[in-house]
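Student: what's the 3D shape of this:
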Amino acid sequence: MERVFTEQELKNYDGSRRNPVYVAHKGIVYDVTSSGHWHTGLHRQLHFAGQDLTDEIADAPHTDLVFRKFPAVGVLKT
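Tutor: Residues are numbered from 1 along each chain as shown. Sure thing, here's the model as predicted:
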């Protein structure tokens, strides 16, 4: 069974208190804990972990294909 995250639940996965670092994009939640760019829960001083980044990816210097590098851990309930 696929795990379903609410936006409030996703906020808990911000890398603090030894929690994993998760972000959502287009309804899919990814575990980006292994990325050196996310180890503090803050990416490039611009993006916070535990959030839906769908609207922010357009401003990134990369495409959403970057998420293929990371395991999907669930879906974001809208």
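
Student: Show me where the chain has its helices.
Tutor: 7-10 (DSSP state H).

Student: By average pLDDT, which secondary structure element in it comes out worst?
Tutor: strand 42-43 (a mean of 58; mean pLDDT, DSSP states H and E).

Student: ok, and the closest non-adjacent residue to the most centrally placed residue in the chain?
Tutor: Residue closest to the mean C-alpha point of the chain, counted by Cα atoms, centre = their mean, is residue 23 at 1.0 Å. When the adjacent residues along the chain are set aside, residue 23 lies closest to residue 53, with 5.2 Å between them (Cβ to Cβ, 6 or more residues apart in numbering). C-betas here are computed from N, CA, C, even on glycine.

Student: separation between that neighbour and residue 18?
Tutor: From residue 53 across to residue 18, the span is 22 Å (Cβ to Cβ, to the nearest Å).

Student: what about these two, which has more around it?
Tutor: The neighbour count for residue 53 versus residue 18, taken as other Cβ atoms under 10 Å, is higher for residue 53 (20 against 5).

Student: Residue ranges in the protein under the pLDDT threshold?
Tutor: For the chain, the stretches with pLDDT under 70 are 1, 38-39, 41-47, 58-63.

Student: That one: strands as residue ranges?
Tutor: In the chain, the segments counted as strands under DSSP state E are 4-5, 22-25, 28-31, 42-43, 47-48, 72-76.
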